[in-house]
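[1] Predicted structure and sequence below. I'll ask about it afterward.
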Amino acid sequence: MERRELIKMIGLLTGGVVIGADLFLGGCKNPASELRRKWSEDELALLNEIGETILPTTHSSPGAKAAKVGEFMNVFVNDCYEEYQVQAFNDGLTKINADCKAKTGKSFLKCDAHERQSFLVVLDKEAREFNQQNAQKPKTASTQNKEVKQLGNHYFTYMKQLTLLGYFTSKIGCTEALRYIPVPGHYDGNLPYAKGDKAWAT
C-alpha cells in the first residue's frame with residue numbers, strides 16, 4: 001500500500017483531512033518555534049495508551065503502543081503541522097484528560113480498557129461533528145487570521161489520524177499487522193483472496 005493511498009484512507013475513516021500529509025510525503029520540515037517541543041514522558045505515555053485503545057494488541061500483531069505512535073506523533077506534529085495546528089494538538093494533550101474526567105470522573109490513564117474505549121467512541125463522534133461544522137465555515141488565506149485558526153480539526157481527529165498513520169507506516173504495522181513481501185518481488189495479477197485476509201503493505 002502506498003503512503004498516498006494510506007493517507008487518503010485515513011482521511012475517509014476519520015472524517016477530516018490529514019493535516020501535514022504533503023510535508024510528510026515530501027520530507028519537509030517546518031522551522032523551529034516555541035510551540036514545537038519535545039513532549040514529556042507522561043504526554044508520550046498518554047498518547048501511546050490512546051493509540052493502543054484505537055489499535056490494540058491482538059493475537060496476530062502488537063498494537064500501537066508497541067509501535068511507539070506517541071513518539072511518531074511528536075515528530076510529525078513538530079515537523080509537519082502549522083503553528084495553529086501545533087497549538088491545537090498541544091492543547092488537546094491537556095484537554096483530553098479534562099474531557100475524560102468530566103465524562104468518567106477519572107483521567108484517561110486511570111480508566112480501565114472498557115472505560116477508555118467508551119470514552120474515545122463518544123469523543124470521536126464529537127470530533128466528527130466539530131469537523132463537519134468547521135468545514136462549513138468560510139476560509140481565509142492568512143493563517144494568522146483567527147477564523148483560520150478555528151478551521152483546524154478537532155484535537156482527537158489529529159490524534160486518531162496520527163495513530164493510524166504512525167502504526168501502518170511502522171515496521172510492526174507493515175510486517176505484522178499487514179502482509180509484507182520485501183521488494184523486489186514478482187508480479188502476480190491473479191492472486192487468490194480469502195475473506196478475512198489481511199491487506200497488503202506492499
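    That came through fine.
[2] Spit out the contact partners of the residue nearest to residue 68 when sequence neighbours are not counted.
    Nearest non-adjacent residue to residue 68, counting by C-beta to C-beta, 6 or more residues apart in numbering: residue 48, 6.7 Å away. Using the backbone N, CA and C atoms, a C-beta is placed for each residue, glycine as well. Contacts for residue 48 were tallied using C-beta atoms under 8 Å, 6 or more residues apart in numbering; they are 64-65, 68-70.
[3] All the helices of the protein, residue numbers only.
    3-14, 21-26, 41-54, 69-80, 83-104, 113-135, 146-149, 155-168, 171-172 (DSSP state H).
[4] Okay, now the unreliable bits of the chain?
    Filtered on pLDDT under 70, the chain yields the residue ranges 1-28, 138-151, 179-189, 200-202.
[5] So for it, the centremost residue is which one?
    The residue lying closest to the centre of the chain (C-alpha atoms, centre = their mean) is residue 162, at 2.0 Å.
[6] unless I'm mixing things up, that residue is touching residue 76, no?
    Yes. The pair formed by residue 162 and residue 76 meets the contact definition of C-beta atoms under 8 Å, at 5.7 Å.
[7] ok, now which ones touch the closest residue to residue 87 other than its chain neighbours?
    In this structure, residue 87 finds its nearest non-sequential neighbour in residue 35, 5.8 Å apart by C-beta to C-beta, 6+ apart. Neighbouring residues of residue 35 by C-beta under 8 Å, 6+ apart: 83, 86-87, 90.
[8] most surrounded residue in the residues you listed?
    Highest neighbour count within the contacts of residue 35: residue 86, with 21 neighbours (other C-beta atoms under 10 Å).
[9] Surely that residue is in contact with residue 77?
    Yes. Look at residue 86 against residue 77 with C-beta under 8 Å: they come within range, at 5.8 Å.
[10] where do the contact lists of these two overlap?
    residue 36.
[11] Residues contacting stretch 115-125, please?
    Contacts to stretch 115-125, defined as C-beta under 8 Å, 6+ apart, come from residues 49-50, 53-54, 96, 99-100, 103-104, 106, 108, 111, 156, 160.
[12] try 7 Å
    Contacts with stretch 115-125, where a contact means C-beta atoms under 7 Å, 6 or more residues apart in numbering, come from 53-54, 99-100, 103-104, 108, 111, 156, 160.
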